[in-house]
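>>> sequence plus predicted model, see below.
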Number of protein chains: 2
Amino acid sequence: MGVTPDTIIQGDCIEVLKGLPDRSADLVFADPPYNLQLGGDLLRPDNSRVDAVDDHWDQFESFAAYDAFTRAWLTECRRVLKDGGAIWVIGSYHNIFRVGTILQDLGFWILNDVVWRKTNPMPNFKGARFTNAHETLIWAAKGRGAKRYTFNYDAMKMANDELQMRSDWTFPLCTGEERLKDETGAKAHPTQKPEALLHRVLLASTKPGDIVLDPFFGTGTTGAAARRLGRRYVGIEREAEYVELARERIARVQPVAPEDLQVTGSRRAEPRVPFGQILEAGLLRPGDVLYCPRGERAARVRADGSLALGDLTGSIHKMGAMVQSAPACNGWTYWHFRTGKGLTPIDVLRAQVRSRLPG
Amino acid sequence: MGVTPDTIIQGDCIEVLKGLPDRSADLVFADPPYNLQLGGDLLRPDNSRVDAVDDHWDQFESFAAYDAFTRAWLTECRRVLKDGGAIWVIGSYHNIFRVGTILQDLGFWILNDVVWRKTNPMPNFKGARFTNAHETLIWAAKGRGAKRYTFNYDAMKMANDELQMRSDWTFPLCTGEERLKDETGAKAHPTQKPEALLHRVLLASTKPGDIVLDPFFGTGTTGAAARRLGRRYVGIEREAEYVELARERIARVQPVAPEDLQVTGSRRAEPRVPFGQILEAGLLRPGDVLYCPRGERAARVRADGSLALGDLTGSIHKMGAMVQSAPACNGWTYWHFRTGKGLTPIDVLRAQVRSRLPG
DNA sequence: TCAGTTAGTGAATCTGGCG
DNA sequence: GCGCCAGATTCACTAACTG
């Protein structure tokens, strides 16, 4: 009994969240209201409106109200997340420090803060400050000791020309055709996020089929990116107009074919091959000699897949670490066998065994 | 009756701050402990050990203890600031959200958050997260209605090739000759900041002769930058060794007339565009087919920007080299996409993305 | 002297499965 | 939950060394 995927639920964010089952979402992406001190509406925990204020005491009242609201929806999101789940929250300096503090206080474990660098930010018209050219995203796991979060490290590295993806991402604002307009041609939603941003978030931190919950769905950028990438979404949005716009928008999205959703996998995820299996497959034989990369050290292979060097025996990893006096060693890349052309790492034998495995 | 400028006071930050007079500093720059919470040792892939920040001054029992410490020194700093004064605090995701929240709670008025993008950050050795490639600075005025803060808008604009200075700044780490070493050649301080960063901070937010207070003076980067730029400094530092190092360092600084200072960075090389960004920008989609120049070979694009050709996958460069049996290949010019007019190299898509990037 | 190679290092909350 | 252990994992830059 879980949540129905690929739906938008119209209603108050906190009320709707309370109705969702425990541990039912793989990821939360949240773009909460930033509206502190901007003359916009500020909501109390019960969603009544706080009158605009400008003196110091009421300012504190406003922060307290924003904090209570934030704590309420984040608490529910944490409950709804699976143990291996994670959350992304985007914000600006008006609210992101309060969001980050409350995340930490609720037991979320911050994994990274990520900066969205805007290529085309709005200038600071009064010339009174630096151009506000970025927003901040916080990526956090459900808890410090929580089950392992999803991070498609190799896919991110591939998407960044084989360099580790950094914590600063550069994207243009959502403009042009992508920006939804109302019937008058005005922008339909004030803070529509670029789908490219969600593309990277989902590709980095979800698997195909995962359920992504967005408690401030707006015009459905999260849903559009999820559908395109073969993920499922649950959106919560209070305004009926936005719900309708989002439904139409998501329906227009062409999902990527499942075979194209394959991304570069990690070596950790590859099937484990015990070294003994190399012997069982006949690719090496007991008594064969293995060499370190430059050949000056040698060890004999024994029938059970251990190595012997003088009186000492142990796994390929232990023995590799031992001869180097290193704390650890990957025996697959350290030990080599001799061929007519010189020394070849035994990792190629592992690859041969893996290629014969089913699946 | 004010504070004596161009001095370093040895002692506990909060105790010393309490002895400073009200409204005596024009600016505070603070690089407080980040409250890192490290596990055990971290080994690089080559098994060398990362020299982590495990100093006693960075250890706090809990978030509550860190918050109390932060509130205490920020409260004193606010008292010591002149009414038109401002504060900068630098931190990472471990502490910056708590610092920002407390700044707001104390009545400081945030002007910008600024991101220091590191050109050469330490990689994430275990491939577990995004490379932590930035730190965050908060710039805040003493209060919302406080007397006008200093912002040298035109100096900043001039320093940025006549474009408004943005909230993301790019600098390398403090290394090489600038990095202070002890007698053994090891780094003298674990977290020395680059002087270029302080240069920009002071040039942006102080006037010549202003008094800059740094309650976590360390090896005196703030003092060195202040002296160089004709500002005055007051430093507080607990460790006697750091105080001595800072004194010697600042004495070596040659003050320079501001008009002689080179502040404009050299024009950067063309920004690198990873192929994955072409997909994120929607210029190609997962499942699209790319062709070699004469069209006789084809490969499918995957969601992470890798190419698939039969069972083989890899980057556009790797796969281009592979199909030509060449040692290397520029995938941007080798691979083409099909349009009504025939085949077009994907390099034109890179040019489109580049045209949107900031200089 | 110069070019090429090797070694070292920087604020880091840095693995995962099985018993 | 803890311990064990297989085995996966790095970018930009500086400085020292080699030939």
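Here it is on my side, so go on.

>>> give the helix, strand or coil label for residue A:113.
For residue A:113, the assignment made with DSSP: H, G, I helix; E, B strand; the rest coil gives strand.

>>> residue contacts, it?
A:100, A:136, A:137, A:138, A:139, A:167, B:92, B:93, B:96, B:136 (CB atoms under 8 Å, 6 or more residues apart in numbering or on different chains). (Glycine included, C-beta is placed from N, CA and C.)

>>> return the distance of it relative to residue B:100.
Shown here: residue A:113 relative to residue B:100, a distance of 12 Å by CB to CB, to the nearest Å.

>>> check residue A:345 too.
The gap separating residue A:345 from residue B:100 is 50 Å, by CB to CB.

>>> what about the closest residue to residue A:304 other than its chain neighbours, how many neighbours?
Leaving aside its chain neighbours, residue A:304 sits nearest to residue A:276 (6.3 Å; criterion: CB to CB, 6 or more residues apart in numbering or on different chains). For residue A:276, the count of nearby residues is 15 (other CB atoms under 10 Å in any protein chain shown).

>>> who touches the residue lying closest to residue A:127 once chain neighbours are set aside in this structure?
Spatially, and ignoring its direct neighbours in sequence, residue A:127 is nearest to residue B:153 (4.5 Å; CB to CB, 6+ apart). Shown in contact with residue B:153 (CB under 8 Å, 6+ apart): A:127, A:128, B:164.

>>> state the pLDDT value of the spatially most central residue of chain A.
The residue lying closest to the centre of chain A (CA atoms, centre = their mean) is residue A:205, at 2.4 Å. We note a pLDDT of 98 for residue A:205 in this prediction.

>>> that one touches residue A:149, doesn't it?
Yes - between residue A:205 and residue A:149 there is a contact at 7.2 Å, judged by CB atoms under 8 Å.

>>> quick one: common contacting residues for those two?
residue A:86.

>>> Three-state assignment for residue A:313, please.
strand.

>>> and it, bridged to which residues?
Legend: beta-bridge partners of residue A:313 under DSSP bridges are residue A:308.

>>> so who does it touch?
Taking CB under 8 Å, 6+ apart as the test, what residue A:313 contacts is A:302, A:306, A:307, A:319.

>>> go with 7 Å
For residue A:313, the contacting residues are A:302, A:306, A:307, by CB atoms under 7 Å, 6 or more residues apart in numbering or on different chains.

>>> ok, of these, which come out buried?
If you count burial by 16 or more other CB atoms under 10 Å in any protein chain shown, the buried members of the contacts of residue A:313 come out as A:306, A:307.

>>> redo the contacts of residue A:313 as CSV? Include pLDDT.
Below are these laid out as CSV (pLDDT from 0 to 100):
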residue, pLDDT
A:302, 96
A:306, 96
A:307, 97
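
>>> out of the contacts of residue A:313, which one sits closest to residue A:172?
Set against residue A:172, the nearest of the contacts of residue A:313 by CB to CB is residue A:307 (55.4 Å).

>>> my guess is that closest one contacts residue A:319, does it?
Yes - taking CB atoms under 7 Å as the definition, residue A:307 is a contact partner of residue A:319 at 4.4 Å.

>>> can you work out which residues contact both of the two?
Common neighbours of residue A:307 and residue A:319 (CB under 7 Å, 6+ apart) are residue A:299.

>>> helix, strand or coil: sort out residue A:28 for me.
strand.

>>> how near is it to residue A:346?
Taken as CB to CB, the span from residue A:28 to residue A:346 is 44 Å.

>>> higher neighbour count, these two?
residue A:28 (27 against 21).

>>> quick check: closest non-adjacent residue to that one.
Residue A:28 sits nearest to residue A:87 (CB to CB, 6+ apart), 4.2 Å away.

>>> give the contact list for that neighbour.
Contacts of residue A:87 (CB under 7 Å, 6+ apart): A:28, A:30, A:77, A:81, A:108, A:140.

>>> residue A:228 now?
With CB under 7 Å, 6+ apart, residue A:228 has these contacts: A:253, A:255, A:256.

>>> does the residue nearest to the centre of chain A touch residue A:155 like I think?
No - with contacts counted by CB under 7 Å, residue A:205 stays clear of residue A:155, the gap being 10.3 Å.

>>> of all the contacts of residue B:153, which comes closest to DNA strand D?
residue B:164 (25.0 Å; CB to the nearest atom of the strand).

>>> which residues of the stretch 151-300 of chain A lie near DNA strand D?
A:153-154, A:157, A:162-164, A:266-268, A:270, A:272-275 (CB under 7 Å from any atom of the strand).

>>> 6 Å instead, please
A:163, A:164, A:266, A:267, A:268, A:272, A:273, A:274, A:275 (CB under 6 Å from any atom of the strand).

>>> now, of those residues, which are buried?
A:164, A:273, A:275.

>>> for the stretch 1-150 of chain A, give me the ranges with low pLDDT.
A:1, A:35-61 (pLDDT under 70).

>>> could you say which helix or strand contains the residue in the stretch 51-200 of chain A that DNA strand C sits nearest to?
For the stretch 51-200 of chain A and DNA strand C, the shortest gap (CB to the nearest atom of the strand) falls at residue A:110, measuring 3.8 Å. Assigned by DSSP states H and E, residue A:110 belongs to strand A:109-118.

>>> who touches the very next helix or strand once past that strand?
Toward the C-terminus, strand A:109-118 is succeeded by strand A:134-141 as the next helix or strand (DSSP H and E). Applying CB under 7 Å, 6+ apart, the contact partners of strand A:134-141 are A:86-92, A:96, A:99-100, A:103, A:108-118, A:149, A:205, B:115, B:167-168.

>>> selecting buried members of those in ChimeraX, what would you type?
If you want just the buried ones from the contacts of strand A:134-141 in ChimeraX, going by 16+ other CB under 10 Å, the selection is:
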select /A:86,87,88,89,90,91,92,96,99,100,103,108,109,110,111,112,113,114,115,116,117,118,149,205 /B:115,167,168
